[in-house]
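Colleague: just coords:
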């Protein structure tokens, strides 16, 4: 199905003519598309009644304070025929909206401008405009944590990396404005370089069905959808301000958009965000050197006509992030001390200064895309250029602290074409081809042997997807073949040049079906086989990880640190077989969604502890990229219960168990089981004010019981002193036992003030109300410090 | 010049422009294939620690080294020795640090001067088998910063650094044991009380030590 972006209607702020008599009637329901999949963000209104609304993440809508009588519900959603149904209301009424695709509109406007959206996905979660507003000021990764099945790998309070069903980094594809995000994503401390303010919604696809985006989305796809460009003359925009007490941070973001008078179809938009945060703090101490500076900018312009459309987009993301100073360690003894010390070494009073260790990242994206309608189908084409620069700084000797230890520039060109034809009354065929050229260059002058080598990568792929539609079911099948070639040149640990190359190619398959059952039930099934070319970092890394002082060594380096040819090793590409089912059922006041899944990843690449290496700086643990078979089994459960007209209760659970099948062991840094309970009170009108809400959320996160054994650095070091290596058995381990279970309480309230031309949304939230001290298992800084304490967040959004 | 009719179509023209950057990309990609990455100097990498014990009254100096020739590779550090000292002798011990990945003629080969220049944030700590020396007594200052070590140099703040130290063996007893040297980097942390557990470790090497008549 297709989730389309609906621009927030500026017309929402129609002046209310307050009716005197109190009417209590309620009209509720859900919006579904032709496949029975939920539709978030559809625009709903009642004829003759002022005010409208958008369907929520589960497709739900609710009109309140209606007098008994006849009403006509009108639903509009881009790419679908307008829906109208009349109902006689006696206290309550319910209408299930089933949208029908509008082939004419499909060929005329907008939809083709999003060639790469969430088509064919059956298992997905949506962060809609309202939810994005409620997470304003947070990073992209942190915002996505609100979705079931999505969690994060964290490096302190500023770096969040999204994790879908337990997998992350190279196994999760991020589509930014339809372009595959290509940054330095191999490290757990590399956050996506995307400003969440550019999105009007974010969709997380939890299966590997979206094969048209590339072969490597073993875990899923995150789709950052921008709002549509305006097509008519006029000027609109938004302005956001967010201030937070923890970190004393401020964020401002503004957007301005419009059409061009006399030139229907033309539209433009400019947008920018600036953010500044100082040191965050735990309930007990400051997290010195965890500040953030961020400056982002984007501009888009385009034309949408009857037969063709074209759009250009540019964005720049620029950030500087401090990493907790107390994480600086030279050897395993330092690590041991740092882990036993609280507060961390170097802890100082609050400051905005960002010193070493720190990261400086910029990401520029330029995109051109277009579509052409012909009598034989729709042709879509897009070109993207991405320039990603990442510099990492550490505390160094010899006055080198201002020289980065890692300085990489990654340039990526992508070209994608797609041809979609209707092959019958209920079937479509989509054929496409993609190409990518990528070049990674170490910038000279780091005075350090590069952690990852220079490389040039060439990729090409072709795919075919067929879709069939029946009465109570529909199905899709897809196949794809991909090829990747690497040319690599780098220096080994002895600073000797090596040059090598490798090729990978493999097919991917997906099969999915949606079955609509009686009693508003639906089943969405997907089985897919996907593969992933290894990242150069996994093959050739050599050097020290900033976080733990541990050394990381690539798969293709032998024990003497020499690079070996890939054909002389038993390396096999990573392949995943994922099966996922989403079951939905909707009662009058209760909605439930259960998503069980199994993902078996063959030849799963991960960092396995191998031993202690003895250097001049002392002993350090070293990890080697190794392959195993990993089994991910989990379930996401979401419910929504309308307890009373104004009260909503939303329970949620994400459970996951991951095992290393070759070694009958567990893997480290796997998201733990978590439970959420949200209670929300909403009142649509409050004299001049609208959309008032108060909500509270309790989150209970269990300790990770499925964790590998613990071997502390002290134990490693003591054993080493006696000539023993505790790691010879190759089993997995963690430096520290998993942190205890914790519960957090968050509260928030918001209200909206509509005016003649402007609308203001205000929100005040408090995260971690009880100022609980806790540590999160998937935060790499859990070895050193607690998570952040109580945080007051005030945000204001102005829409004009 | 007369335009062909196909080019008069906006749509086709748009697609032509769309394809242009890709052509650029292909050219860019193929040009840089022959680029070779630049070899980095790695001045802060220490592969060799050399201790030289020079008898104050004259005589043969005793030199020992600990070497890790593959730098950040997995090969083990190798320490030679033992440190063979004579009883009843006072020695000046100088520490030299080298980066063996560079040729000896390279300006950055000797890392010692980096530490000298930043002596206000570096300090050496020592430990040895208890009562090996007449002066300093005890077992060194790694376990306790205030324990005696005879530093022969000071930084700009009047705090010891330890590139040069003084050691006196006992008059009579022959003995042997272990001798450990640790260099800590303590930016903004070095003080009269900052010890082994402060800052980051730049070097940590151990030798066998024999004191004979």
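Modeller: Noted; the coordinates are in hand. Since the model is a prediction, treat every value here as computed from it, not as a measurement. Residues are numbered from 1 along each chain as shown, chains lettered A, B, ... in the order given.
Colleague: Only C-alpha atoms from now on, for both contacts and neighbour counts.
Modeller: Fine.
Colleague: Quick check: buried residues in stretch A:750-757?
Modeller: A:750, A:751, A:752, A:753, A:754 (16 or more other C-alpha atoms under 10 Å in any protein chain shown).
Colleague: which among these gets closest to chain B?
Modeller: Set against chain B, the nearest of the buried residues of stretch A:750-757 by C-alpha to the nearest C-alpha is residue A:754 (41.6 Å).
Colleague: mind checking pLDDT for the closest one?
Modeller: Per-residue confidence (pLDDT) for residue A:754: 86.
Colleague: follow-up on the earlier one: closest to residue B:94 out of the buried residues of stretch A:750-757?
Modeller: Comparing the buried residues of stretch A:750-757 against residue B:94 with C-alpha to C-alpha places residue A:750 closest, at 68.5 Å.
Colleague: helices and strands of chain B: which one bottoms out on pLDDT?
Modeller: helix B:5-8 (a mean of 42; mean pLDDT, DSSP states H and E).
Colleague: what are the ranges of the strands in chain B?
Modeller: For chain B, the strands defined by DSSP state E occupy B:48-55, B:62-67, B:78-79, B:83-86, B:90-98, B:122-128, B:133-135, B:150-151, B:164-169, B:175-185, B:200-212.
Colleague: Output the below-cut-off pLDDT ranges for the chain.
Modeller: The chain I'm using is chain A. Low-confidence segments of chain A, defined by pLDDT under 70: A:1-22, A:35, A:50-51, A:57, A:79, A:102-122, A:208-209, A:398, A:545-549.
Colleague: Chain B, not that one
Modeller: Within chain B, the segments meeting pLDDT under 70 span B:1-35.
Colleague: Could you rerun that using 80?
Modeller: Applying pLDDT under 80 to chain B picks out residues B:1-35, B:41-44, B:69-76, B:172-173.
Colleague: Tell me which residue in it sits closest to chain A.
Modeller: residue B:203 (3.7 Å).
Colleague: so what's that residue closest to, chain neighbours aside?
Modeller: Spatial nearest neighbour of residue B:203, chain neighbours left out: residue A:617 (3.7 Å); criterion: C-alpha to C-alpha, 6 or more residues apart in numbering or on different chains.
Colleague: can you map out the helices along chain A?
Modeller: For chain A, applying DSSP state H gives helices covering A:103-108, A:129-134, A:140-144, A:332-340, A:536-540, A:713-721.
Colleague: just checking, residue A:556 touches residue A:540?
Modeller: Yes. Using C-alpha atoms under 8 Å, residue A:556 is in contact with residue A:540, at 6.0 Å.
Colleague: more crowded one of these two?
Modeller: More crowded of residue A:556 and residue A:540, by other C-alpha atoms under 10 Å in any protein chain shown: residue A:540, with 27 against 24.
Colleague: That one touches residue A:553, doesn't it?
Modeller: Yes. Residue A:540 lies in contact with residue A:553 (C-alpha under 8 Å); the separation is 7.0 Å.
Colleague: what's the residue lying closest to residue A:183 once chain neighbours are set aside in contact with, if anything?
Modeller: The shortest distance from residue A:183 to any non-neighbouring residue, by C-alpha to C-alpha, 6+ apart, is to residue A:388 (5.7 Å). For residue A:388, the contact set (C-alpha atoms under 8 Å, 6 or more residues apart in numbering or on different chains) comprises A:182, A:183, A:184, A:361, A:362, A:363, A:364, A:408, A:409, A:410, A:411.
Colleague: What distance do you get for the closest residue to residue A:258 other than its chain neighbours to residue A:254?
Modeller: Counting by C-alpha to C-alpha, 6+ apart, residue A:235 is the residue found nearest to residue A:258 once chain neighbours are left out, at 4.4 Å. Per C-alpha to C-alpha, to the nearest Å, residue A:235 is found 13 Å from residue A:254.
Colleague: Comparing these two, which shows the higher neighbour count?
Modeller: Legend: neighbour count by other C-alpha under 10 Å for residue A:235 and residue A:254, higher for residue A:254 (20 against 14).
Colleague: For the more buried one, which residues count as its bridge partners?
Modeller: For residue A:254, the beta-bridge partners are residue A:239, residue A:272 (DSSP bridges).
Colleague: Surely it and residue A:236 touch.
Modeller: No. Between residue A:254 and residue A:236 there is no contact under C-alpha under 8 Å: 11.0 Å.
Colleague: which residues touch residue A:318?
Modeller: Contact partners of residue A:318, counting by C-alpha under 8 Å, 6+ apart, are A:193, A:294, A:295, A:296, A:360, A:361, A:362, A:363.
Colleague: Of those residues, which are in range of chain B?
Modeller: Checking these against chain B by C-alpha under 8 Å from any C-alpha of the partner chain, not one of them is in range.
Colleague: what's the neighbour count on residue B:103?
Modeller: 10.
Colleague: mind listing what the nearest residue to it once chain neighbours are set aside touches?
Modeller: Nearest residue to residue B:103 in three dimensions, chain neighbours excluded: residue B:109, at 6.7 Å (C-alpha to C-alpha, 6+ apart). Applying C-alpha under 8 Å, 6+ apart, we find residue B:109 in contact with B:43, B:98, B:99, B:100, B:102, B:103.
Colleague: what do you get for residue A:150?
Modeller: By C-alpha under 8 Å, 6+ apart, the contact list for residue A:150 reads A:144, A:162, A:163, A:164, A:165.
Colleague: if I look at the closest residue to the first one other than its chain neighbours, how far off is chain B?
Modeller: Nearest-residue entry for residue A:144: residue A:150, 6.6 Å, with adjacent residues in sequence omitted and distances by C-alpha to C-alpha, 6+ apart. As for residue A:150, its distance to chain B is 35 Å (criterion: C-alpha to the nearest C-alpha, to the nearest Å).
Colleague: Show me what residue A:150 is bridged to.
Modeller: Here residue A:150, judged by DSSP bridges, has bridge partners residue A:164.
Colleague: can you check the one 10 residues further on too?
Modeller: Each beta-bridge partner of residue A:160 is listed here: residue A:154, as defined by DSSP bridges.
Colleague: Tell me how many other residues surround it.
Modeller: Residue A:160 has 26 neighbouring residues, counting by other C-alpha under 10 Å.
Colleague: any idea how far residue A:157 is from whichever residue of chain A sits closest to chain B?
Modeller: Here chain A gets closest to chain B at one residue, residue A:617, 3.7 Å apart by C-alpha to the nearest C-alpha. Separation of residue A:617 from residue A:157 (C-alpha to C-alpha): 29 Å.
Colleague: Contacts only, for the most centrally placed residue in chain B.
Modeller: With distances taken as C-alpha atoms, centre = their mean, residue B:46 lies nearest the centre of chain B, 3.5 Å away. The contact partners of residue B:46, by C-alpha under 8 Å, 6+ apart, come to A:616, A:617, B:71, B:97, B:98, B:99, B:100, B:111, B:202, B:203.
Colleague: Closest one to residue A:507 out of those residues, please.
Modeller: Closest to residue A:507 out of those is residue B:71 (40.9 Å), distances taken as C-alpha to C-alpha.
Colleague: What backbone torsions are found at the closest one?
Modeller: For residue B:71, the backbone dihedrals (degrees, to the nearest 10) come out as phi 60, psi -110.
Colleague: count of residues packed around it?
Modeller: By the criterion of other C-alpha under 10 Å, residue B:71 has 26 neighbours.
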